[in-house]
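Chemist: turn this into a model:
(chains A, B, C and D)
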Number of protein chains: 2
Amino acid sequence: MFIEIETNSAVPIYLQLAQSIIEGVAKGELKPGDSLPSVRAFAADLGMNMHTVNKAYHYLEEKEFIQIVQKKGVFIHENGVRLASPSDRDRLKKELRPIVAEALCLQLSNEDLEQLVRDLILKIKEGE
Amino acid sequence: MFIEIETNSAVPIYLQLAQSIIEGVAKGELKPGDSLPSVRAFAADLGMNMHTVNKAYHYLEEKEFIQIVQKKGVFIHENGVRLASPSDRDRLKKELRPIVAEALCLQLSNEDLEQLVRDLILKIKEGE
DNA sequence: CCTTTGTTCTACTAATAATAGAACAGTCTT
DNA sequence: AAGACTGTTCTATTATTAGTAGAACAAAGG
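Modeler: Below you'll find the model as predicted:
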């Protein structure tokens, strides 16, 4: 699994890491039950701090994408690939709203937006 | 124009304000050339600091949604409602990507996503 | 027994968010 | 000409977040 971290990005690196893992699940590269590296190993691999990886893991645990098992390790949550719950949908809506508003100002039509989403899905699934 | 600011939100209030203004433009309540309140008046109205409103204004100026005219005031940019430029599209894509990845994990189909976007457009245009 | 696991603790630096008040140089109205 | 108003700039302070660092802990597992 290839993970690129942009140090200069405005997006915190723990979030970039979490999003990379989510993309891994999205493209099927990571499947429910799969184990993730230990916080120490991952940190060494990515050149970041153990606590930063830990932060990404807990962020993902709260969203129920991974499961942290005490003293054993971290795994893709059995329910990681699931049908969106109402709270899942609410979360997506809140995140999506400002982007849609901006798209309206930029006069993107429904078709434009759909095309944009399709492009992204392809990029995510094919990797970049 | 009704603006709600959630103090307890993880989203900084200057960003909430900026997004509210973008929504105002999106729904046509604010039109190119319209003037916005002075930083002082807006701050007093919203119960926040002058510098915080100023920060929101500069955030919007960088995105070319408003125009700040020295010693005169702030106005919706003449080019505020425009056809998306390539850099506009790139910006939208970057913001959209992690959300689309999450949606894939939550097994949302293209139709689900389109429906979600349609709902949001309605809510934004009708106001909440 | 020893390594590995995530956890917890303290500590520190840097950046961001938010507030506060004052002063400045122009614009605009009266 | 006076006075109110504009965004800007300056210094200051507080709180939170991001990130790093190192040590210690308890339990799982070979």
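Chemist: please list the residues of chain A that sit near DNA strand C.
Modeler: Chain A has residues A:36-41, A:50-51, A:54, A:57-58, A:68-74 near DNA strand C, with proximity defined as CB under 7 Å from any atom of the strand. (Each C-beta comes from the backbone N, C-alpha and C, glycine too.)
Chemist: any idea where the strands of chain A begin and end?
Modeler: Secondary structure of chain A (DSSP state E): strands at A:35-36, A:66-69, A:73-76.
Chemist: adding distance to A:Gln19, write those out as a markdown table.
Modeler: Below are those laid out as a markdown table (distance: least, CB to CB, whole Å):
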| stretch | distance to A:Gln19 |
| --- | --- |
| strand A:35-36 | 14 |
| strand A:66-69 | 13 |
| strand A:73-76 | 15 |
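Chemist: chain center to stretch A:19-26, what's the gap?
Modeler: 4 Å (CA atoms, centre = their mean, to the nearest Å).
Chemist: actually, stretch A:10-28.
Modeler: Computed by CA atoms, centre = their mean, the separation of stretch A:10-28 from the middle of its chain amounts to 4 Å.
Chemist: got it, and stretch A:95-104?
Modeler: With CA atoms, centre = their mean, you get 19 Å for stretch A:95-104.
Chemist: first to last residue in stretch A:22-36, what's the distance?
Modeler: Stretch A:22-36 has an end-to-end distance of 12 Å (criterion: CA to CA, to the nearest Å).
Chemist: no no, stretch A:76-90
Modeler: 22 Å.
Chemist: and for stretch A:17-34?
Modeler: End-to-end distance of stretch A:17-34 (CA to CA): 17 Å.
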